[in-house]
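# predicted structure and sequence below. I'll ask about it afterward.
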Amino acid sequence: MGEIFKQYVIDHFNFWIAVILMMIGLYAMITKNNLIKKLIGMSIFQTAIILFYVSAGVKDGATIPILEHHAVEVEQVEMLAAAAGHSPSEHAASGHESHAINPDDYSNPLPHVLMLTAIVVGVATLGVALAVSQVIYKNYGTLEESEILAKIKAAENDG
Amino acid sequence: MIWQFDIILLIFLVVTAVISLRVKDLLAASMVFGTYSFLICLLWAGMGAVDVAFTEATVGAGISAVILIATVYNTRRDSSD
Amino acid sequence: MKWVGLIAVLFTGGLLLSAMDDFPKWGDAHSPANASPVSQYYIEKTIEDSGVPNMVTAVLADYRGYDTMFETVVVLIAGIAIMAILRVMNQIPGGARPSPRHEIGDHHDIIIGTTCRLLIPVLQLFALYVIAHGHHSPGGGFQGGVILGASFILTAIAQGLDPALERLPEKSYVKLAFAGVVIYSGFGVMCLLLGENFLDYGVLHVLLPGIDAAEARSHSMLGVEVGVAFTVSAIMFAIYANLASKGELEGGL
């Protein structure tokens, strides 16, 4: 029992929360009556997906995907030395060992890039949705889905 | 990251998400949604995704809360659910 | 309706949770996402290719430049769409009722006014720092652009929409938004004219004497980030100004 619990829950805790947030957002999008509430649910759904992606890029014991300036300088000095045709000195060669870039030391930058643009595009599309809901409010005088549907039905019966 | 911090943030995330969807006052819902964005920004900063956290702090907790409030101001503040 | 929604949500969530065992373990450095050659290449070769320490900026502006360019175009189109939707709304006669123009808040409150007058220059300076220093620290065009747009939104909230629109009128911000996309694609077209692929910045070193291809990539990244920042800051202010005033660009929040 404890083994299964560890296998399913402890090792994937972030993914559990991502799925739960996704369920909350989806439930709000389907069942809420108010359009603004639906949009908040959509944003929660979106952050849940982003949380899922970012969680997939995490590595144990890894640091942020920005190199230290010291490592950068050592790398550049070596590149300059190589370009000038000098063989790197003993000291630089021993320094190179400790400054070689190991992919396991840095968290995965790829999901971060994809999600960074997704957030900005998400707020732009949220703006479009809010503009549409302002138009709906102007035309129907309400933001409740059931009242809007009733008014549309009444207008159809009149016409 | 520190797992105690992680778990506290994740639980608060679910709590703020549920609150922002259950309040009947849309202005309050927008503000709680801003809090939710800020919490998830802290979570991402802890997970090493600093650029994503920075974007969420400016966009999610700043701009999207403001445009939600602007729409609520121009429409109605109360909601049926 | 509630029950149908609940059943659909529980079914979707149940399917995902039942597959939880197949998800990568938390913090596994050898999961498929982390061990793929693509992301390992980005981590190992960024410094060699462009000399930029912040891998996220390097991947965003260089390796995946197409992606970012069209994301910028999406933001631009969304801003234009908001203006168009709200303008059309004002031309439709009738509608339910004209909303009462209530004056909320005194826009000349001395505490808010003074605080914002002190805060806004610092905010704008920080935004420029974030844009310019995005290679070396967290930040870049998107974040800096949003902070710059937020400083104008703060002006609009503190002093009213009209003073803010005097500083950044609609003609200016639309021009600024398009200028950002033109700057970004201009870098790509320059690369094409010099005989390389679109957005392959390495060739631009022939334009700037005294630098090599890696440095040319680093400087071009700064250029495209400035373009992204133009578009994003202008569109963020446009979204706020139009949504707060129902597209009329007067009165407002």
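Right, received. Where do you want to start?
# which helix or strand contains the closest residue to C:L16 other than its chain neighbours?
Of all residues beyond its chain neighbours, the one nearest C:L16 is A:V19 (4.8 Å), with distances taken as C-beta to C-beta, 6 or more residues apart in numbering or on different chains. For glycine as for every other residue, the C-beta is placed from the backbone atoms N, C-alpha and C. Using DSSP states H and E, A:V19 maps to helix A:13-31.
# which parts of that helix are buried?
For helix A:13-31, the neighbour count (16 or more other C-beta atoms under 10 Å in any protein chain shown) marks A:14-31 as buried.
# distance of the most centrally placed residue in chain A from chain C?
Chain A has A:I50 as the residue nearest its centroid, 2.7 Å off, counting by C-alpha atoms, centre = their mean. A:I50 sits 14 Å away from chain C, taking C-beta to the nearest C-beta, to the nearest Å as the criterion.
# swap in B:S20?
17 Å.
# likewise B:K24?
For B:K24, the distance to chain C (C-beta to the nearest C-beta) stands at 16 Å.
# which is the succeeding secondary structure element to the helix or strand bottoming out on mean pLDDT in chain A?
The least trusted helix or strand in chain A, going by mean pLDDT, DSSP states H and E, turns out to be helix A:90-99, with a mean of 45. Next in sequence after helix A:90-99, counting helices and strands by DSSP H and E, comes helix A:109-140.
# buried sites along that following helix?
A:109-138, A:140.
# so which of those reach chain B?
Restricting these to those near chain B by C-beta under 8 Å from any C-beta of the partner chain leaves A:111-113, A:115-116, A:119-120, A:122-123, A:126-127, A:130, A:133-134, A:137.
# and stretch C:187-206, C-alpha only, in CSV?
The C-alpha atoms that make up stretch C:187-206 are tabulated as CSV, following Å, rounded to 0.1, in the frame of the first residue of the first chain:
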residue,chain,number,x,y,z
PHE,C,187,16.3,41.6,-38.6
GLY,C,188,15.1,38.5,-40.5
VAL,C,189,15.0,40.3,-43.8
MET,C,190,18.5,41.7,-43.3
CYS,C,191,19.8,38.2,-42.8
LEU,C,192,18.0,37.2,-46.0
LEU,C,193,19.5,40.1,-48.0
LEU,C,194,23.0,39.0,-46.8
GLY,C,195,22.5,35.6,-48.2
GLU,C,196,21.6,33.5,-45.1
ASN,C,197,18.4,32.0,-43.8
PHE,C,198,15.6,34.2,-42.3
LEU,C,199,16.5,35.1,-38.7
ASP,C,200,20.0,33.5,-38.9
TYR,C,201,21.7,36.4,-37.1
GLY,C,202,25.3,35.1,-37.4
VAL,C,203,25.7,36.7,-40.8
LEU,C,204,25.0,40.2,-39.5
HIS,C,205,28.6,40.6,-38.3
VAL,C,206,29.6,41.9,-41.7
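# centre of the chain to that stretch, how far?
How far stretch C:187-206 lies from its chain's middle: 24 Å, per C-alpha atoms, centre = their mean, to the nearest Å.
# and that stretch with chain A, contact?
No - Stretch C:187-206 lies apart from chain A when judged by C-beta under 8 Å from any C-beta; the minimum separation is 14.0 Å.
# follow-up on the earlier one: from memory the residue nearest to the centre of chain A sits against A:V120, does it?
No - shown here, A:I50 and A:V120 do not form a contact pair, counting by C-beta atoms under 8 Å, at 11.7 Å.
# thinking again about what came up before, from C:L15, how far off is the residue nearest to C:L16?
Here the criterion is C-beta to C-beta, to the nearest Å. By it, A:V19 lies 10 Å from C:L15.
# helix or strand for C:I131, just tell me which one.
The secondary structure element spanning C:I131 is helix C:110-132 (assigned by DSSP H and E).
# can you list the neighbours in contact with that helix?
Judged by C-beta atoms under 8 Å, 6 or more residues apart in numbering or on different chains, the contacts made with helix C:110-132 from elsewhere in the structure are C:139-141, C:143-145, C:147-148, C:150-151, C:154-155, C:158-159, C:222, C:225-226, C:229, C:233.
# what residues of it count as buried?
Of the residues in helix C:110-132, those with enough neighbours to count as buried (16+ other C-beta under 10 Å) are C:112, C:116, C:120, C:123-124, C:127, C:130-132.
# which residues of chain B fall in helices?
Listed in chain order, the helices of chain B (DSSP state H) span residues B:3-22, B:26-46, B:50-58, B:65-74.
# just send those back as a markdown table, with distance to A:K153, mean neighbour count and mean pLDDT too.
Conversion of the helices of chain B to a markdown table gives the following (distance: least, C-beta to C-beta, whole Å; neighbours: other C-beta atoms under 10 Å in any protein chain shown; pLDDT from 0 to 100):
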| stretch | distance to A:K153 | mean neighbour count | mean pLDDT |
| --- | --- | --- | --- |
| helix B:3-22 | 27 | 16 | 88 |
| helix B:26-46 | 25 | 21 | 92 |
| helix B:50-58 | 41 | 26 | 92 |
| helix B:65-74 | 26 | 22 | 91 |
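# quick one: closest of those helices to C:C191.
Nearest of the helices of chain B to C:C191, taken as C-beta to C-beta: helix B:50-58 at 25.0 Å.
# hang on, isn't B:V59 packed against A:V123?
Yes - in this structure B:V59 lies within contact range of A:V123 using C-beta under 8 Å: 4.9 Å.
# now the helix holding C:I131: mean pLDDT?
Per-residue confidence for helix C:110-132 averages out to 91 on the pLDDT scale.
# what parts of the stretch 1-150 of chain C come near chain B?
Contact residues (C-beta under 8 Å from any C-beta) of the stretch 1-150 of chain C with chain B: C:54, C:56-57, C:99, C:104, C:138-140, C:142-143, C:146-147, C:149-150.
# any of these buried? List them.
C:54, C:56-57, C:138-140, C:142-143, C:146-147, C:149-150.
# so which of those also contact chain A?
The subset of those within reach of chain A, counting by C-beta under 8 Å from any C-beta, consists of C:54, C:56, C:138, C:142, C:146.
# make CSV from those and add distance to C:G5, secondary structure and pLDDT to it.
Shown next, in CSV, are those (distance: C-beta to C-beta, whole Å; DSSP: H, G, I helix; E, B strand; the rest coil; pLDDT from 0 to 100):
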residue, distance to C:G5, secondary structure, pLDDT
C:N54, 43, strand, 89
C:V56, 37, helix, 90
C:P138, 39, coil, 88
C:F142, 34, helix, 91
C:V146, 34, helix, 94
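# contact partners of the helix holding A:V19?
Defining contact as C-beta under 8 Å, 6+ apart, one finds that helix A:13-31 is touched by A:9, A:37-38, A:40-49, A:51-52, A:55, A:58, B:6-7, B:10, B:13-14, B:17-18, B:21, C:1-2, C:4-6, C:8-10, C:12-13, C:16-17, C:20, C:23, C:26.
# so what's the residue nearest the centre of chain B up against?
The residue lying closest to the centre of chain B (C-alpha atoms, centre = their mean) is B:Y36, at 2.3 Å. By C-beta under 8 Å, 6+ apart, the contact set of B:Y36 is A:44, A:47, B:13, B:16-17, B:20.
# got it, and C:L192?
If you count contacts by C-beta under 8 Å, 6+ apart, C:L192 has them with C:F198.
# distance of it from chain B?
Between C:L192 and chain B the distance, using C-beta to the nearest C-beta, works out to 29 Å.
# just the element for that residue, please.
Assigning secondary structure by DSSP H and E places C:L192 in helix C:170-193.
# would you state the helices of the stretch 1-150 of chain C in chain order?
When assigned using DSSP state H, counting those that start in this stretch, the helices of the stretch 1-150 of chain C occupy the ranges C:2-18, C:32-35, C:37-50, C:55-58, C:65-91, C:110-132, C:141-159.
# closest one to B:G48 among the ones you listed?
B:G48 lies closest to helix C:55-58 among the helices of the stretch 1-150 of chain C, at 10.8 Å (C-beta to C-beta).
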